[in-house]
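> I would like to see how this sequence folds:
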Amino acid sequence: MSARATKDRGAVLLTTLLVMSLMATVAVSIMDDVRYALKRTANVQAYAQADWYVSGAEAYAQNYLENLLTKTDTTALNAGLLQGQPIILPLEGGTINLSIRDGSQCVSLSDLRENDGRRLFRQLLETLGWSSLSAANFTSVATDWIDEDTQALPGGAEDYAYLGKTPAYRTPNTAFASTGELRALSGLKTEDYAALRPYVCARENSPTYINIDTLSPLQAPLLAALLGGVDNIGTAQSLIAERPAQGFQSLNILNASAALSSEPLTSEARAKLVFEPRYLWIEMQVNYQNITRYAVIEYAVEDKKLTRIFKRLGADERRPPMVENPS
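Below is the predicted model:
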């Protein structure tokens, strides 16, 4: 074989090896793309399935509550809500955890539109340890956040207080969509928000009602605010401690309690104190494979019928537990 032929065969062999190397590289790249595509598809399917489980959990919770309201008397319903046992539903590849609480245990931020609501909010701040001046000023700030005008109340804050921030923003001039909006308000410290968060709720048009028959001792500041403010902490604690096993059940029984012998209920307290849930608050957690989905839902209760008034996805919307009164 001539030297030229040998060189040609060598060139062909090298070209073949180069082409095979390129093809192997392309094949590996394609296999990686296929593998990642399959993984993405599986993840998309898993997340979609988790979302469907959230929807299913909502339907189950609503049906469960409607049956509970129909078949359970108020005393038993209050006792069950006070106990607060979670519902755990097993499913293939995970679990659904449902926590059902009495939603009638918070001050509705939509009440800031009215004088009585602003007074209640200010009194709540004072029971949580705010000074009278700080509570009054922040009540004005929160009111300016939702009112439709651009005139700041005394101690309040309108657009000018927020346009200089980075990033700049303005007051929405509408109801709070979430309690998380409070963090955007001028002058609210992180620790103050954490202390206030368990006692307030965001409802567009639904007012405050406090079910005294499901309040725990840690919720005494909420009841004290409704009774008149920080000076009523002792009365609120006594009312919760002296509550009959079956609850007060009516204003007549409540008025006859020893804790109110020296100071009867105000008209505002009588209007907002109730003895059965007016709202039901549901927190759900769906664990499916390696995915966790959170959702919170609130229903208004009227004539044993449910109307959904709030729904949000995400862990941030869950109501944190009450803590000892810092004051």
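> In this model F121 seems to touch A142, though I could be wrong.
Yes. Taking contacts as CB atoms under 8 Å, A142 lies within contact range of F121: 6.8 Å. Where C-beta positions appear, they are placed from N, C-alpha and C, glycine not excepted.
> Excluding chain neighbours, what is closest to F248?
L254 (4.3 Å; CB to CB, 6 or more residues apart in numbering).
> name the helices or strands packed onto the strand or helix carrying N43?
If you go by DSSP states H and E, N43 is part of helix 3-71. Packed against helix 3-71 by the contact rule (3 or more CB pairs under 8 Å, 6 or more residues apart in numbering; DSSP states H and E) you find helix 74-83, strand 87-91, strand 94-102, strand 279-288, strand 291-302, strand 305-313.
> Can you give the distance from stretch 292-311 to the centre of its chain?
Counting by CA atoms, centre = their mean, to the nearest Å, stretch 292-311 is centred 11 Å from the centre of its parent chain.
> Stretch 92-106 now?
Distance of stretch 92-106 from its chain centroid, counting by CA atoms, centre = their mean, is 11 Å.
> quick one: buried residues of it?
For stretch 92-106, the neighbour count (16 or more other CB atoms under 10 Å) marks 94, 96-106 as buried.
> same thing with stretch 146-157?
Neighbour counts over stretch 146-157 (16+ other CB under 10 Å) mark 146-147, 152-153, 155-157 as buried.
> and it, how far apart are its ends?
One end of stretch 146-157 sits 11 Å from the other (CA to CA, to the nearest Å).
> tell me the average confidence for it?
Regarding stretch 146-157, the rounded mean pLDDT is 92.
> got a list of contacts for it?
Contact with stretch 146-157 is made by 109-110, 112-113, 133, 136-138, 140-141, 143-145, 158-161, 171-176, 185-187, as judged by CB atoms under 8 Å, 6 or more residues apart in numbering.
> Of those, which count as buried by neighbour count?
109-110, 112, 136-138, 140-141, 143-145, 158, 161, 171, 175-176, 185-186.
> Show me the residues you listed that map onto helices.
Counted as lying in helices by DSSP state H, out of these, are 136-138, 140-141, 143-145, 161.
> Mind picking the lowest-pLDDT entry from those?
Within those, pLDDT is lowest for A161, at 91.
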